[in-house]
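K.L.:
after the sequence you'll find the predicted model.
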Protein chains: 2
Amino acid sequence: MDTNSFIHDLTAIVGTQGILINPKDTKSYNTDWREIFRGNSIAVIRPQNTQEVANIVKLCAQRNVAIIPQGGNTSLVGGATPPKQGNQIVLSLSRMNKIRNIDKIDSTITLEAGVILEEAQNAAKNAGLYLPIVISSQGSAQIGGIIATNAGGNNTLRYGNTREFVLGLEVVTADGQILHNLRRLRKDNTGYALKQIFIGSEGTLGIITAAVLHLHPYPRSTEVALCAVPDLDHALKLLHLFNNHNPAALQAFEYISQKGMDLVLKQFPELKCPLETKAPVYIVIELALPAQGNGLRELFETVLEHAFEEEIVLDAVLAESETQRQSLWRFREEQAESQKRAGANIKNDVSVPISSIPEFITRATKACEDLCPGIQVVPFGHLGDGNIHFNLVQPSNDNGNDFMSKSHDLMDAVCAVVYDLEGSFSAEHGIGQLKNYMMPSWRGGAELELMQKIKQSLDPRNLLNPGKIFPDTST
Amino acid sequence: MDTNSFIHDLTAIVGTQGILINPKDTKSYNTDWREIFRGNSIAVIRPQNTQEVANIVKLCAQRNVAIIPQGGNTSLVGGATPPKQGNQIVLSLSRMNKIRNIDKIDSTITLEAGVILEEAQNAAKNAGLYLPIVISSQGSAQIGGIIATNAGGNNTLRYGNTREFVLGLEVVTADGQILHNLRRLRKDNTGYALKQIFIGSEGTLGIITAAVLHLHPYPRSTEVALCAVPDLDHALKLLHLFNNHNPAALQAFEYISQKGMDLVLKQFPELKCPLETKAPVYIVIELALPAQGNGLRELFETVLEHAFEEEIVLDAVLAESETQRQSLWRFREEQAESQKRAGANIKNDVSVPISSIPEFITRATKACEDLCPGIQVVPFGHLGDGNIHFNLVQPSNDNGNDFMSKSHDLMDAVCAVVYDLEGSFSAEHGIGQLKNYMMPSWRGGAELELMQKIKQSLDPRNLLNPGKIFPDTST
């Protein structure tokens, strides 16, 4: 292919402002944010509207050039990074960042793929509405990428994953057609639910250019508690009690292990645990409802009284102020940072059926301790939806190298328990190029074959984000 | 094809108990329950397990015989009825009716496709759980068909459509493979969400044999009110008020027109309207939460006090007993029956964005009155999710024939307004063979082309439920 003429034709579509070819300009697009994957590309192209995206796709199809769609470049699995060869283009949606419409009566927001999550959240809030996708990268992650990876987050137990918010999608297909499906309907049974195919497909089936999301009323009353619980079985009973009172009030139900609490207290000496009782399991619970004065405090008191009577909870503290609410949350939020400060660590983003969490933690902990005596096992996370960050920190008497040399064995040991309990090896981060080698052993047979059929049918020449999700057979 | 040898081979798979060929036995399977579509078939085959389904599909693929999957045969669009030619088989899932598992901690039920919805609801209730798919055919509709049509119902505004309950599916594909995807995970981002492709695909892409559904806590406190409201704009404001207090408490928000109220009072003289004020719009509101003593009455009183102050509500009555709750609901539930008693009538199951409901009702009413002076326009239904049953009753001075001769024009006039407001011509019933001719004009272009690509890729020989969803090009 004549690269100069290709770049000339690309420039004709998007103008000189819409194309980057200088390595110092393209570097941040060619590398993932954790700098694990470093790729190359012919150019980074930044269209301003859907028609430009369609024209780029048509041109690339003619020239047989593959396209790596990219949003905020916050993938944790290298899902938006080009390969090393440098014979592809990165298509960044970042200039398509208009909020087209917010409808207060429909509770919907219509917005382009390049809108940053936090901006969408703020726009919703200004209209009295709530976009409950809460993830740590929300200051840079973009709506298109969030939909393409079906992002999860803290509030999934109450509101579901990103998929549940998507009412309509606008998508450019692999042959450059525009799928106009920005309807904002709650009920529409007219043929195949095409939008569902693109949600979570990581840019391999089409390029999402705009979406309609369903919003919720903005929560205006909030209560937070930290509870000490004898074990994970009792934590599940506590979850059940809250669900059985007012499911919509339960906004977060997050797990901290005793080890995790100890690490935070050690690494952040300014934090003092407000509970007198030491316990194997701590839970941060947040209740929230749209209106003021919704009786959330009474709800907490009713449920906790019952929980004390049944010995489900050993000790509990209810935040008395906004400051105290934030300080209770810090025990959960500083989990990752306290682990980082404690030395080398390994992350596992896995899920199991909620009922299997106690067994999972017990078995996976033992498996890791057997492999690596002295290891610090520090699981934490979204107990309410079954998604545990089963993180591992090096033994304190180790220099970290021995520990990291066992990282593959340790991850395999954790995954073996997850597999046995019919869980998932990627709960909310997706597959990208980090985990695609695992697909045949976990989703092989009829499942993977069907996925390949769909890929083949919608993108027969493998021009959209090749090398992601499916194992790369070319190398 | 040698029919005798084919029947012999089918019998070898399912045994003589599993096959019906006598016309008197097959008639009820070959005809839809409203007796609008009358088809024929080589045989009705009733497998007992998933392996038998797979074997049947493989045999049919060898012999090039198409399969009509059938559940409770309650489709409103002829979605499970074979064509007249009689060269296909009906595959009834009704003998695959085992509930495999209920997990109280996970709040899940794993069950086979042939389980009747009401049985699944009862099994859930016995475990303290709630399966909130509430449809009028629940005494005979089966889980497989419900998933294959993504059924809606009364509780959609609170819980979503059937799609939202499906955590996992077991499916037999068109080439007879079994897709084992009965995981019960809330978060699982590992490749394409295959289950989403089968939900709502009306048996044209695979045969659903089992599912895992997510259940909710069983509602134990309930309050019902009937409100008189000045117009539909105010009805939407009232909906907003309830959502802004406790979204999980709002179980149903159902619309009755003044005409609809008058018809019920006329046709059911034993019913007396408990409201003194006549109004253009009536709303039946049901609040429900899992625990007793949840302050639902206080919630009603708080919201209604506010609504009276703002003149959103003209009059309201709150049920004081279970008997009164049921009698308030009858004004909504007798809508269809009172229309039937009033003469010939035409049904339109449509949806529009919630914010467009007032405009839709005004414009569609005028269009129908222009076409047919004296017509009784009686819209009612799921205001809270945008799904209106825009029903039409003959003029009272007409013999019904004139009116019915205009039925196509009247339906077209209603649909023209729905189209203009970016609504849907089938909100919850699906396409089947009743509405497939409408697909090109409503979903034509890139959407229909993509649907056809998926069909071609998963069922290249068109052996699964041919003639449904897509316009039949063979006749």
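P.N.:
Right, received. Where do you want to start? This one's a predicted model, so the numbers in the text were calculated from it and none came from an experiment. Residues are numbered from 1 along each chain as shown, chains lettered A, B, ... in the order given.

K.L.:
centre of the chain versus the host helix or strand of A:Pro358, how much separation?
P.N.:
Element membership for A:Pro358 (DSSP states H and E) is helix A:357-371. In terms of C-alpha atoms, centre = their mean, to the nearest Å, the centre of helix A:357-371 is set 24 Å apart from its chain centre.

K.L.:
and that helix, what does it pack onto?
P.N.:
Judged by 3 or more C-beta pairs under 8 Å, 6 or more residues apart in numbering or on different chains; DSSP states H and E, the packing partners of helix A:357-371 are helix A:232-243, strand A:376-382, strand A:387-393, helix A:407-420. Yep, even glycine has a C-beta here, placed from its N, CA and C like the rest.

K.L.:
give me the residues contacting that helix.
P.N.:
Helix A:357-371 is contacted by residues A:231-233, A:236, A:352, A:375, A:377, A:379, A:383, A:386, A:388, A:390, A:392, A:406, A:409-410, A:413-414, A:416-418, A:421, A:423 when judged by C-beta atoms under 8 Å, 6 or more residues apart in numbering or on different chains.

K.L.:
for PyMOL, what selects the buried ones among the residues you listed?
P.N.:
Selecting only the buried entries of these in PyMOL, with 16 or more other C-beta atoms under 10 Å in any protein chain shown as the criterion:
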select buried, chain A and resi 232+236+352+375+377+379+383+386+388+390+392+406+410+413+414+417+418+421+423
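
K.L.:
where's A:Leu328 relative to A:Thr156, distance?
P.N.:
With distances taken as C-beta to C-beta, to the nearest Å, A:Leu328 is found 20 Å from A:Thr156.

K.L.:
neighbour-wise, which of those two wins?
P.N.:
Between A:Leu328 and A:Thr156, counted using other C-beta atoms under 10 Å in any protein chain shown, A:Thr156 has the larger neighbour count: 25 against 21.

K.L.:
the residue lying closest to that one once chain neighbours are set aside: neighbour count?
P.N.:
Closest residue in space to A:Thr156, ignoring its immediate chain neighbours: A:Asp385 at 4.5 Å, by C-beta to C-beta, 6 or more residues apart in numbering or on different chains. Counted by other C-beta under 10 Å, the residues lying close to A:Asp385 total 24.

K.L.:
phi, psi for A:Asp385 please.
P.N.:
With angles defined as degrees, to the nearest 10, A:Asp385 sits at phi -120, psi 10.

K.L.:
got a list of what the most centrally placed residue in chain A touches?
P.N.:
Geometric centre of chain A, nearest residue: A:Ala151, 3.7 Å, by C-alpha atoms, centre = their mean. Contact analysis of A:Ala151 by C-beta under 8 Å, 6+ apart lists A:Ile133, A:Ile135, A:Ala141, A:Asn161, A:Thr162, A:Glu428.

K.L.:
and those near chain B, which?
P.N.:
Applying C-beta under 8 Å from any C-beta of the partner chain to the contacts of A:Ala151, one finds that A:Asn161, A:Glu428 fall near chain B.

K.L.:
of the contacts of A:Ala151, closest to B:Ile19?
P.N.:
Set against B:Ile19, the nearest of these by C-beta to C-beta is A:Asn161 (42.9 Å).

K.L.:
in chain A, which residue sits closest to chain B?
P.N.:
Nearest residue of chain A to chain B (C-beta to the nearest C-beta) works out as A:Ala248 at 2.8 Å.

K.L.:
what's the local residue count around that residue?
P.N.:
Using other C-beta under 10 Å, A:Ala248 has 21 other residues around it.

K.L.:
and the nearest residue to it once chain neighbours are set aside, helix, strand or coil?
P.N.:
Closest residue to A:Ala248 apart from its sequence neighbours, by C-beta to C-beta, 6+ apart: B:Ala248 at 2.8 Å. Here B:Ala248 is helix, with the state taken from DSSP: H, G, I helix; E, B strand; the rest coil.

K.L.:
what residues are up against B:Ala248?
P.N.:
With contact taken as C-beta under 8 Å, 6+ apart, B:Ala248 is in contact with A:Asn246, A:Pro247, A:Ala248, A:Ala249, B:Arg158, B:Leu289.

K.L.:
what do you get if the cut-off is 7 Å, keeping everything else the same?
P.N.:
Going by C-beta atoms under 7 Å, 6 or more residues apart in numbering or on different chains, B:Ala248 touches A:Asn246, A:Pro247, A:Ala248, B:Arg158, B:Leu289.

K.L.:
what does the stretch 201-350 of chain A put close to chain B?
P.N.:
Contact residues (C-beta under 7 Å from any C-beta of the partner chain) of the stretch 201-350 of chain A with chain B: A:201, A:216-217, A:236, A:243-248, A:289-291, A:294-295.
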